[in-house]
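Chemist: Sequence first, predicted coordinates after that:
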Amino acid sequence: MTTTLRLSVLDLIPVRQNQSTSQALTASIALAQRADALGFERYWVAEHHNMPSVASTNPPVLIGILAANTQRIRVGSGGVMLPNHSPLVVAEQFGLLEAAFPGRIDLGLGRAPGSDPVITSLLRSSGAVSDVDAFPRNIGDITALLHPDGATVTLTTGNYELRATPAATGIPMLWLLGSSEYSAHLAAAQGLPYVFANHFSGDSTTHALDVYRREFTPSENLAAPRTFLTLNASVAATKEEARALALPQMQLMARLRTGQRLGPVATVEEASAAVMTPAQTEMIERMSANWIVDEPVAAAARIRALAVEFGVDEVMLQPVGSAHADAAIDASPARLRTLELLAEQLLPTN
């Protein structure tokens, strides 16, 4: 591990109460631009479907928008849920993104559906869903198709050359994402960079990273294991303010885990007045302990300590702060301030 800590961002394009998708996207573009200017390493968007609080439904489209509005930061998927998509289409999308923004595109792949049963059924009825058992093969297909030399496809009528794009001069960096030991084994076997979803499944992080590092097999593109840590963060001038800003997202997660109907992310005032069940309150207290919710100096110290504990030199933050009712509707001031405060503490150029 190096002494310099790199910071990155994970964004679900949160949609808060009374906010349109367009306004939420405008806020995230501004957040990406600020992360770019502050010196953050990469900016990833997730794939989630049919959620009233999440506008991050289509990573390739969002990556194109965000990369076009930034200068140097790497932009990628955290991740593309491969069972929902044809490997050829994914390879074509990211081949074009890499051609448009050379050296700045990350392709993070996951095998979860990233959706509810309704969306999975809809995708299955249209023929877009693949079995999770096809995941390793599909990763291999994408890797081959993205290579400048392309792949050879064998059909009953013969062998054919196939490329994601006609004349590639580079390929996006491919990462394997996961929240189980399965993904750690697979990333190690295929010699891929790997990210465990610590921000929502932190209990198994140490074990998953140990498996990955112990079993890693060097590949053409990666000589040694490469990973980073993901964390939820809300940072403000005081710990009390940071908690108030994080509470709307914590309540949303507690409702999700107890099977309640979801809506947009609440404002700080709405969250303060909300009544939660005892089980949900207990979940929120656990989140408060596990997330980075604090003033800048203490938050930065904890991030440094966790980076040392997990042996990483990069931390990807999901800024989870909501907004007050009177905040600009097309901005995310709390998320923006979280990045600024942590950059001041942790990034050498700030």
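Modeler: That came through, no problem.
Chemist: contacts and neighbour counts: CA atoms only from here.
Modeler: OK.
Chemist: Three-state assignment for V293, please.
Modeler: For V293, the assignment made with DSSP: H, G, I helix; E, B strand; the rest coil gives strand.
Chemist: Could you list the low-pLDDT ranges of the stretch 101-250 of the chain?
Modeler: Filtered on pLDDT under 70, the stretch 101-250 of the chain yields the residue ranges 113-116, 126-132, 201-202.
Chemist: contacting residues around stretch 210-228?
Modeler: With CA atoms under 8 Å, 6 or more residues apart in numbering as the test, stretch 210-228 has contacts from 181, 184-185, 187-195, 312-316.
Chemist: Only the buried members of the residues you listed: can you turn that into a PyMOL selection?
Modeler: Under the burial definition 16 or more other CA atoms under 10 Å, those of the contacts of stretch 210-228 that qualify are selected in PyMOL by:
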select buried, resi 181+184+185+187+188+190+191+192+193+194+195+312+313+314+315+316
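Chemist: For burial, what's the neighbour tally of T57?
Modeler: Close neighbours of T57, defined as other CA atoms under 10 Å, add up to 20.
Chemist: I'd like to know how far I303 sits from I284.
Modeler: Separation of I303 from I284 (CA to CA, to the nearest Å): 20 Å.
Chemist: L192 too?
Modeler: 34 Å.
Chemist: count of neighbours near the closest residue to L66 other than its chain neighbours?
Modeler: The shortest distance from L66 to any non-neighbouring residue, by CA to CA, 6 or more residues apart in numbering, is to I29 (6.1 Å). I29 has 21 neighbours, counted by other CA under 10 Å.
Chemist: next one: phi and psi at E161?
Modeler: Per-residue torsions, E161: phi -80, psi 140 (degrees, to the nearest 10).
Chemist: Not counting sequence-adjacent ones, nearest residue to it?
Modeler: Closest to E161 by CA to CA, 6+ apart is T152, at 4.7 Å.
Chemist: What strands line up against the host helix or strand of that neighbour, and which way round?
Modeler: Secondary-structure assignment from DSSP states H and E places T152 in strand 151-155. Partners of strand 151-155 in the sheet, by DSSP bridges, are strand 158-162 (antiparallel).
Chemist: following the strand it pairs with, which helix or strand comes up?
Modeler: Under the assignment DSSP H and E, the closest C-terminal helix or strand after strand 158-162 is strand 173-178.
Chemist: okay, the angle between the helix or strand just after that following strand and strand 173-178?
Modeler: For strand 173-178, the succeeding helix or strand toward the C-terminus, using DSSP H and E, is helix 181-190. Interaxial angle, helix 181-190 versus strand 173-178 (axes from the mean of the first three to the mean of the last three CA atoms, to 10 degrees): 150 degrees.
Chemist: Who are the packing partners of helix 181-190?
Modeler: Packing partners of helix 181-190 (3 or more CA pairs under 8 Å, 6 or more residues apart in numbering; DSSP states H and E): strand 173-178, strand 194-196, helix 205-215.
Chemist: List the contacts of the residue positioned nearest the centre of the chain.
Modeler: Taking CA atoms, centre = their mean, the centroid of the chain lies closest to G78, which sits 3.2 Å from it. G78 sits next to L10, W44, V45, A46, E47, L107, G108, L109, L177 when contact means CA under 8 Å, 6+ apart.
Chemist: which stretches of the stretch 251-350 of the chain form strands?
Modeler: Per DSSP state E, counting those that start in this stretch, the stretch 251-350 of the chain carries strands over the ranges 292-294, 314-319.
Chemist: by contact count, what packs against the longest one?
Modeler: Packed against strand 314-319 by the contact rule (3+ CA pairs under 8 Å, 6+ apart) you find strand 6-11, strand 229-235, helix 296-310, helix 333-346.
Chemist: quick one: average confidence on that strand?
Modeler: In this model, strand 314-319 has an average pLDDT of 98.
Chemist: The contacts of G78: which two are farthest apart?
Modeler: Using CA to CA, the contacts of G78 reach their maximum pairwise distance at L10 and L109, which is 14.2 Å.
Chemist: Can you pull out the low-pLDDT segments for the stretch 251-350 of the chain?
Modeler: Counting by pLDDT under 70, the stretch 251-350 of the chain shows low-confidence ranges at 349-350.
Chemist: can you redo the strands of the stretch 251-350 of the chain as TSV with distance to T157?
Modeler: Formatted as TSV, these follow (distance: least, CA to CA, whole Å):
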stretch	distance to T157
strand 292-294	57
strand 314-319	47
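Chemist: Figure out which of the ones you listed is closest to R16.
Modeler: Judged by CA to CA, the one of these that comes nearest to R16 is strand 314-319, at 13.9 Å.
Chemist: Any idea how far apart the tips of stretch 157-172 sit?
Modeler: Using CA to CA, the end-to-end distance of stretch 157-172 comes to 32 Å.
Chemist: tell me which residues in it are buried?
Modeler: By 16+ other CA under 10 Å, the buried positions in stretch 157-172 come out as L162, R163, A164, T165, A168, I171, P172.
Chemist: quick check, nearest of those residues to T4?
Modeler: Minimum distance to T4 across these is 24.3 Å, recorded for P172 (CA to CA).
Chemist: How much space separates the residue nearest to the centre of the chain from A242?
Modeler: To A242, G78 is 25 Å away according to CA to CA.
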